[in-house]
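In: Got a sequence here, can you model it:
(4 chains)
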Number of protein chains: 2
Amino acid sequence: MQSFTEENYLKVIYHLAQKTTNVQTNAIAEQIQTKPASVTDMLKKLAEKELVDYVKYQGVTLTEKGKQAAVNIVRKHRLWEVFLVDKLNFKWDEVHDVAEELEHIKSVDLIERLDEFLGFPKSDPHGDPIPDKNGTFAKTQFIKLIELKIGESGTITGVSQHSSPFLKYLEKLGLTLGKQIQITDITDFDGSVEISVNDKQINISREVAKHILISNNGKI
Amino acid sequence: MQSFTEENYLKVIYHLAQKTTNVQTNAIAEQIQTKPASVTDMLKKLAEKELVDYVKYQGVTLTEKGKQAAVNIVRKHRLWEVFLVDKLNFKWDEVHDVAEELEHIKSVDLIERLDEFLGFPKSDPHGDPIPDKNGTFAKTQFIKLIELKIGESGTITGVSQHSSPFLKYLEKLGLTLGKQIQITDITDFDGSVEISVNDKQINISREVAKHILISNNGKI
DNA sequence: TTATATTTTTAGGTAAATCTAAAAAAAAAT
DNA sequence: ATTTTTTTTTAGATTTACCTAAAAATATAA
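Out: Numbers count the residues shown, from 1 in each chain, chains lettered A, B, ... in the order given. The predicted structure follows:
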């Protein structure tokens, strides 16, 4: 079993490893809100426990054992987020911090029963996939909204930015999960995107469009 | 805000204070599974924070601030127990350890929403009262089953022993919360009690009868 | 009321996770 | 190919919660 702190390191390394193979000390420090020196200490400890492969000055990768542990935390985090939104009526921008605490509750039985209670959800309130109890993710097929061309359409199925202001903004625009959208225009000047959603035309910046994930896309 | 460990001390002191006014160092150490020397250290720290009144060699009492914090943990613990039993189908003997972890989740919003989701329950799966968000307990009127006389009856509304074997045993006998019972005989020899429940006659020891709490009692 | 037992505290130390400041290694720029 | 910058590590402290062993205070018994 890992400590609360070790679990946080594993989770952060897991997420950072989606971008780069070898995860850097500084990147971890930034995520965990601590100093690089503290990270080095912890990496040694995790390597000792065979949860990461660590070579001085070369960054880390998770071992199979470390990856399993990390995926399990991700699973718990996302299931709790579903609980908070579906059952306790939290908004999708309010759940992160609470789930951050709940994800460390240890009982295996609890999480299996929670999964069942929630109806074995496949994704969390932000569209992120929930691994099953063996750590397997369902294959998901997303493209970024920014990649759609004029006339193309699709369904909003995720976001790649979880900050509260961003999520609140999308909510205000009516750009929530499950919504059907169509690209009606792309401005030459700054690349901002005009889309039709809820029978209305709205305009979003390229930056926003980058972080909206679309599935079932195609021409109409 | 208190640390996880501080919260545990406050909770234990709160529970022990139901029996004696001045809570002793050794009693705390036993409950928390630690050494008396460690308890002394922590009592100094809690006194420093004005959560307890502590006089060397004289034991401790909670201050008003300390009591508030303790009652809040009790509230969270009991609400989570209701969640586990009512929503996740845990048995009443399985919930204690998990609730012990969940009670330390900090979000105030979470616990208010959970309370609402559960329908503002007034007692937990063992019949213990749940304080409201101001820390007020509803007045409860229990007597021990052992105090009933032959012919008297009542409703099982609580237990004063939470060990898993005890709870499992009661479950097997059908002595669960809400059940209507009547005393049909009390054995002279060892004081064991014959009761009628679910249209059957069963026999329990004095020791068991001491830990079953009855309300609405009276002659029939 | 003195002796004995129990309870509690002090003193000094350990382990986990953090820190700052300085040194070392690696990467980038001239 | 140096120099400069950035990244990472080491060394030595700090804080929290715990420990053991010994001393001190309190309670109990003779």
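In: Could you pull up the contacting residues of the residue lying closest to A:V71 once chain neighbours are set aside?
Out: Leaving aside its sequence neighbours, A:V71 sits nearest to A:G135 (CB to CB, 6 or more residues apart in numbering or on different chains; 4.3 Å). (C-beta placed from N, C-alpha, C; glycine too.) By CB atoms under 8 Å, 6 or more residues apart in numbering or on different chains, the residues touching A:G135 are A:K67, A:Q68, A:V71, A:N72, A:R75.
In: what about A:T5, distance to A:A99?
Out: 17 Å (CB to CB, to the nearest Å).
In: same check, this time on A:K91
Out: 13 Å.
In: Likewise for A:E7?
Out: Distance from A:E7 to A:A99, by CB to CB: 13 Å.
In: quick revisit: quick one: which of the contacts of A:G135 sit in helices?
Out: A:K67, A:Q68, A:V71, A:N72, A:R75 (DSSP state H).
In: pLDDT wise, what is the last one at?
Out: Going back to what we said before, that points to A:R75. pLDDT for A:R75: 98.
In: re earlier: give me the more crowded residue out of A:K91 and A:A99.
Out: With neighbours defined as other CB atoms under 10 Å in any protein chain shown, A:K91 and A:A99 compare such that A:A99 has more, 21 against 13.
In: Which residues in the one helix or strand that one maps to does the neighbour count mark as buried?
Out: Counting by DSSP states H and E, the element that carries A:A99 is helix A:96-102. Neighbour counts using 16 or more other CB atoms under 10 Å in any protein chain shown place A:H96, A:V98, A:A99, A:E101, A:L102 of helix A:96-102 among the buried residues.
In: Briefly note if that helix comes near chain B.
Out: Yes: remark: helix A:96-102 sits within contact range of chain B at A:D97, A:V98, A:E101, A:L102, by CB under 8 Å from any CB of the partner chain.
In: Domain boundaries for chain A, per the record?
Out: Domains of chain A are assigned by automatic domain parsing as A:4-62, A:143-219.
In: State the distance from the spatially most central residue of chain A to B:R113.
Out: Most central in chain A under CA atoms, centre = their mean is A:D128, positioned 5.2 Å from the mean C-alpha point. From A:D128 across to B:R113, the span is 22 Å (CB to CB).
In: cool, A:Y54 as well?
Out: Taking CB to CB, one finds A:Y54 at 41 Å from B:R113.
In: do the same with A:F137
Out: For A:F137, the distance to B:R113 equals 29 Å [CB to CB].
In: swap in A:F142?
Out: From A:F142 to B:R113 the distance is 31 Å (CB to CB).
In: now do A:Y14
Out: 29 Å.
In: Identify the residues contacting the nearest residue to A:K106 once chain neighbours are set aside.
Out: Of all residues not flanking A:K106 in the chain, B:E101 sits nearest, at 6.6 Å (CB to CB, 6+ apart). B:E101 makes contact with A:I105, A:K106, A:S107, according to CB under 8 Å, 6+ apart.
In: likewise A:I111?
Out: A:R75, A:K76, A:L79, A:I105, A:K133.
In: got it, and A:Q58?
Out: By CB under 8 Å, 6+ apart, the neighbours of A:Q58 are A:N22.
In: How about A:Q201?
Out: By CB under 8 Å, 6+ apart, A:Q201 lies in contact with A:T184, A:E194, A:I195.
In: tell me which element the residue nearest to A:V71 is part of?
Out: Under DSSP H and E, no helix or strand contains A:G135.
In: On the pLDDT front, check it for me.
Out: 95.
In: how far away is it from A:I73?
Out: On the measure of CB to CB, A:G135 and A:I73 end up 11 Å apart.
In: Check A:E100 too.
Out: A:E100 is 10 Å from A:I73, where distance means CB to CB.
In: try A:D124
Out: Remark: distance between A:D124 and A:I73 (CB to CB) = 13 Å.
In: Enumerate the residues of chain A near chain B.
Out: Within reach of chain B by CB under 8 Å from any CB, chain A has these residues: A:84, A:87-90, A:94, A:97-98, A:101-102, A:105-107, A:109-110, A:113-114, A:117.
In: Out of those residues, which end up buried?
Out: Applying 16+ other CB under 10 Å to those flags A:84, A:87-88, A:90, A:94, A:98, A:101-102, A:105, A:107, A:110, A:113-114, A:117 as buried.
In: which one of these is nearest A:E171?
Out: A:E94 (11.0 Å; CB to CB).
In: Run through the residues that contact that closest one.
Out: A:L84, A:S164, B:D109.
In: tell me which element the last one is part of?
Out: Yep, that's B:D109 we're talking about. Applying DSSP H and E, one finds B:D109 within helix B:108-117.
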